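Chemist: build me a model:
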Amino acid sequence: MAKDSGVAGRLATMLHFVSMWRSLLFFVCFSTLAPAATPSKGTEILWDRYGVPHIFAPDHASLFHAYGYAQMEAHAELLVRLYAQSRGRGAEYYGNLQSSVRAGGESYLDTDRWVRVNGLPERAKEWATQQTPEFRPLLEAFATGLNAWATKHRASLSAPAQAALPLTVEDVLAHSLRVIHYDWMVSRVKVDQMVNLGTAGEVHGSNGWAIAPAKSASGHAMLLSNSHLPWGDMHTYFEVHLQAPGVSSSGAVWVGFPTLRLCFNDRLGWAQTTNAVDGADLYRLTLRGKGYVLDGKLLPFERSQQVIKVKGAADVPVDIRRTVHGPVVVDRNGVTAALRVSALDRPRMLEQIWRMGLAQNLKEFEQAMRMVHLPLFNTMYADRDGHILYLYNGAVPQRARGDRKFWAGMVPGDDSSLIWRQLHPYEDLPRVVDPPSGFVQNCNDPPWTSAYPMLLDSSKFAPYMAALSGMGPRAQRSTRILSEAKKMTFDDLRAAKLSTRVEMADHFVEALVAAAQRHGTERAKSAATILAQWDRQAEAASDGAFLFYRFLQQAGTNFGAAGGYAVKADDRQPLTTPRGFADPARAAAVLDQVATKLESDYGSMHVKWGDVIRLRRGTVDLPANGAPSVMGSIRTINPGPFAGGKADAVHGDTYAAIVEFGPTVRAEALLTYGNWSRPGSKHMSDQLPLVAQKVMRPVWRTRKEIEANLESRMVF
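Modeler: As a prediction, the model looks like this:
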């Protein structure tokens, strides 16, 4: 008790200095920290009726401890498995089974090889020693919270999960490395794409908006944060509200992370979307004898061997070869290549995210971003002071030469001048602050289109910084909504987020109807009549959405199978391009093929969207609304494989939040699949009915609101 009293006294003194010295905010906040095996007296977890934890703590270490405990309460099996995989020991604990929800899936052995070859466990140990004295205790507190739950509930865990205990700070760091650096920035799938050995598509997507007071009916800045990911595995989000001295954060992050990636506090917030930062390069090696050639000289590989234990099967040896570029990750089909990944020497990624959440204004937020330890993600920012920001955030290597195309595939590995060693500083990154248009947006498009009309000139940046063009239909839809709106209310923002309007329909339906009427069969003309009467939305009852979706699939990329576009895409004209068909007769023929298939599969071309695209999880089975990303709807729902004429939604809207930064923050959110993955929990699917009803739930942040919607309470 005496120790608790001392901590409380020091905390009160430090809070006094916070009010006096704003410039010392971070120091004061961090200096309250002390590693502790148990949280301070008075720490609480209040679980609301949607399974969202609201954590109130008297100091930061206690906050992190309780946050770790809460994550295990909701996601213990998933979290432990993900940490086991990040150790490169998934097969040891779980056997060689398919574990991933990603396209094609991965076995535990596949994941273990990838983790071991890239040295994630060793890197995590190194990173653990490089954490600052201020932040290391927070990671330790988070890990002790994880283990405190596991100790109390050990019997409820599976045998493989029990075998993986205890969990460590190194596990936390290895998991963050695996997710950010070795899945988002580069993955086994992306490596295959770089050497033309695979064709799997991108699974990451998001929408993000920041709206300035000039565009807001209330005169307050607003924010939309909306991530699109597979509904499970390492991409699973956990929503939480954190309250402690200097902390008032609400938001979400992937299971296993100790800091919030999508976040807002009392004064500011940010959204993030995936950007195609080229932070990983593949070097094709020239082999000679037992080594490789660099600048005309023969160099030996740095060799080591590890053994992957496989539950119920023989051990699997893994031979690891390293070069001055990085580890050899490709050695097949006559290709040997080594991988170089940026920001591996920047171990404070999680601390940077934490500092972003502690910021109280734009200056402090940018101070955190200037660390450039978080190696990717477009960032949209808004605050109570009325500022908005777009940043093409990323750990971009400083390269001696070459453009985006040159670095996109394999580069020569025998030329040391191509081996980069420095990263671009914050000041080199594309950035827009308070644009005249009153908004910034990003839906995974290049940075140049973040403001409309376009303000960033790509010629003023490094030629490899980002793609020169590439607005997709979601980005076009986003730009249309924001540019055409005059003064948006909070209700307008919600309606825009939940809108199922299909941007691709606005670009092509009229031309497709005309093509079918002029060149098509009677069946194609009948299909055209359905499309002409369709409201161009993907509502559950929409008749025409599924027909058009099938047409887009059959027409292929850039409508290659339908003769291509009459007018190609132009990022400077996102609302009117692309449009039309270069060969209307071919487009009509594709529509006929699609109509024929629908009649064969469903007995009619009249197929309602929600009859075939379903929201199913556990005992819940509801008609879906929202369109796949290829169709261009802000409400994004992507179906999985079809069986029996129906498909489950398995990807798309995950965590979404709308926020208005008035004197009191107003916010609503939705986590599509629910906030828990623990089998049997009602919170695995309790938000799906809200998705089906097209509503969002309020984000409760005051004790009065939380206690009025309280499900359970835990006091440490």
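Chemist: so residue 52 touches residue 676, yeah?
Modeler: No - Residue 52 is beyond contact range of residue 676, at 9.8 Å (criterion: C-beta atoms under 8 Å). The C-beta positions use only the backbone N, C-alpha and C, and glycine is treated the same way.
Chemist: helix or strand next in line after the helix or strand encompassing residue 74, which one?
Modeler: Element membership of residue 74 [criterion: DSSP states H and E] is helix 60-86. Next in sequence after helix 60-86, counting helices and strands by DSSP H and E, comes helix 90-94.
Chemist: by mean pLDDT, point me to the weakest helix or strand of the protein.
Modeler: Lowest mean confidence among the helices and strands of the chain (mean pLDDT, DSSP states H and E): helix 25-31, at a mean of 37.
Chemist: which helices and strands sit right next to the helix or strand following it?
Modeler: Where DSSP H and E defines the elements, the next helix or strand beyond helix 25-31 is strand 44-48. Secondary-structure packing of strand 44-48 (3 or more C-beta pairs under 8 Å, 6 or more residues apart in numbering; DSSP states H and E): strand 53-56, helix 60-86, helix 703-708, strand 710-715.
Chemist: domains of the chain?
Modeler: According to automatic domain parsing, the chain is divided into the following domains: 1-32, 280-341, 503-631.
Chemist: name the SS class of residue 417, please.
Modeler: Recorded secondary structure, residue 417: helix (DSSP: H, G, I helix; E, B strand; the rest coil).
Chemist: surely residue 667 is in contact with residue 661?
Modeler: No - the pair residue 667 and residue 661 fails to qualify as a contact (C-beta under 8 Å) at a distance of 9.5 Å.
Chemist: shared neighbours, the two?
Modeler: Listed contacts common to residue 667 and residue 661 are residue 264; contacts here mean C-beta atoms under 8 Å, 6 or more residues apart in numbering.
Chemist: so for the two, which residue has more residues nearby?
Modeler: residue 661 (27 against 22; other C-beta atoms under 10 Å).
Chemist: residues contacting residue 472?
Modeler: Shown in contact with residue 472 (C-beta under 8 Å, 6+ apart): 443, 444, 445, 629, 632.
Chemist: ok, those residues vs residue 681, which is closest?
Modeler: Lowest distance from residue 681 to the contacts of residue 472 (C-beta to C-beta) belongs to residue 629, with 29.1 Å.
Chemist: strand partners of the longest strand seen in the chain, parallel vs antiparallel please.
Modeler: Ranked by residue count and defined by DSSP state E, the top strand of the chain is strand 646-661. According to DSSP bridges, strand 646-661 forms sheet pairs with strand 222-230 (antiparallel), strand 613-617 (parallel), strand 637-643 (antiparallel), strand 665-671 (antiparallel).
Chemist: okay, those in JSON lines with mean pLDDT and distance to residue 455 next?
Modeler: As requested, the strands paired with strand 646-661 are exported to JSON lines (pLDDT from 0 to 100; distance: least, C-beta to C-beta, whole Å):
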{"stretch": "strand 222-230", "mean pLDDT": "97", "distance to residue 455": "20"}
{"stretch": "strand 613-617", "mean pLDDT": "97", "distance to residue 455": "38"}
{"stretch": "strand 637-643", "mean pLDDT": "97", "distance to residue 455": "31"}
{"stretch": "strand 665-671", "mean pLDDT": "98", "distance to residue 455": "28"}
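Chemist: now for these, which one comes closest to residue 308?
Modeler: Set against residue 308 and scored by C-beta to C-beta, the strands paired with strand 646-661 come closest in strand 222-230, at 25.3 Å.
Chemist: for residue 52 and residue 676, indicate the residue with more neighbours.
Modeler: Remark: of residue 52 and residue 676, residue 52 carries more neighbours, 27 against 24, as counted by other C-beta under 10 Å.
Chemist: which residue is the nearest non-sequential neighbour of that one?
Modeler: With sequence-adjacent residues excluded and distances taken as C-beta to C-beta, 6 or more residues apart in numbering, residue 52 is closest to residue 239, at 5.1 Å.
Chemist: ok, now residue 653?
Modeler: Leaving aside its sequence neighbours, residue 653 sits nearest to residue 672 (C-beta to C-beta, 6+ apart; 5.1 Å).
Chemist: is it true that residue 227 touches residue 657?
Modeler: No - the criterion here is C-beta under 8 Å, and residue 227 misses it with residue 657 at 9.7 Å.
Chemist: what touches both of those two?
Modeler: Counting by C-beta under 8 Å, 6+ apart, the common neighbours of residue 227 and residue 657 are 252, 262.
Chemist: how many neighbours does residue 450 have?
Modeler: So residue 450, with other C-beta under 10 Å, has 28 neighbours.
Chemist: contact partners for it?
Modeler: By C-beta under 8 Å, 6+ apart, residue 450 lies in contact with 378, 390, 392, 430, 432, 440, 441, 442, 456.
Chemist: which of the residues you listed fall in strands?
Modeler: Reading strands off the contacts of residue 450 with DSSP E, I get 378, 390, 392, 432, 440, 441, 442.
Chemist: ok so, going back, residue 557: which of the contacts of residue 472 is nearest?
Modeler: The closest of these to residue 557 turns out to be residue 629 (C-beta to C-beta; 13.4 Å).
Chemist: let's see the pLDDT reported for the closest one.
Modeler: On the pLDDT scale, residue 629 is placed at 95.
Chemist: check contacts around it.
Modeler: So residue 629 contacts 205, 228, 472, 473, 474, 636, 638, 652 (C-beta under 8 Å, 6+ apart).
Chemist: you'd agree the fourth one is up against residue 631?
Modeler: Yes - with contact defined as C-beta under 8 Å, residue 473 and residue 631 form a contacting pair (6.6 Å).
Chemist: and for this structure, the residue most distant from the center?
Modeler: For the chain, the largest distance from the centre (C-alpha atoms, centre = their mean) belongs to residue 522, which lies 44.9 Å off.
Chemist: now residue 63: how far from residue 400?
Modeler: 45 Å (C-beta to C-beta, to the nearest Å).
Chemist: again with residue 414
Modeler: 15 Å.
Chemist: these two: which has the busier surroundings?
Modeler: Neighbours of residue 414 and residue 400, each counted by other C-beta under 10 Å, are more numerous for residue 414; the result is 16 against 10.
Chemist: quick one: the more buried one is in a strand?
Modeler: No - assigned with three-state DSSP, residue 414 falls outside any strand and is coil.
Chemist: what does it show for phi and psi?
Modeler: When read as degrees, to the nearest 10, the backbone of residue 414 gives phi -100, psi 10.
Chemist: what separation is there between it and residue 328?
Modeler: Using C-beta to C-beta, one gets 14 Å for the distance from residue 414 to residue 328.
Chemist: now residue 500: closest residue in space that isn't a chain neighbour?
Modeler: Distances taken as C-beta to C-beta, 6+ apart place residue 538 nearest to residue 500, at 4.2 Å, with adjacent residues excluded.
Chemist: revised request: answer the last question for residue 505.
Modeler: residue 536 (4.0 Å).
Chemist: and for that neighbour, the neighbour number?
Modeler: Burial measure for residue 536: 19 neighbouring residues, criterion other C-beta under 10 Å.
Chemist: correct me if wrong: it contacts residue 508.
Modeler: No - between residue 536 and residue 508 there is no contact, the gap being 10.4 Å when judged by C-beta under 8 Å.
Chemist: right, and residue 385 touches residue 359 too?
Modeler: No - with contacts counted by C-beta under 8 Å, residue 385 stays clear of residue 359, the gap being 11.7 Å.
Chemist: among the two, which residue is more densely surrounded?
Modeler: A direct count of neighbours by other C-beta under 10 Å for residue 385 and residue 359 places residue 359 higher, at 23 against 14.
Chemist: which strand residues bridge residue 378?
Modeler: residue 273, residue 392.
Chemist: pLDDT score for it?
Modeler: Residue 378 carries a pLDDT value of 97.
Chemist: tell me the contacts of it?
Modeler: Residues in contact with residue 378 (C-beta under 8 Å, 6+ apart) are 208, 272-275, 390-393, 442, 444, 447, 450.
Chemist: re the thing from before, contacts only, for the residue nearest to residue 505.
Modeler: 501, 502, 505, 506, 509, 544.
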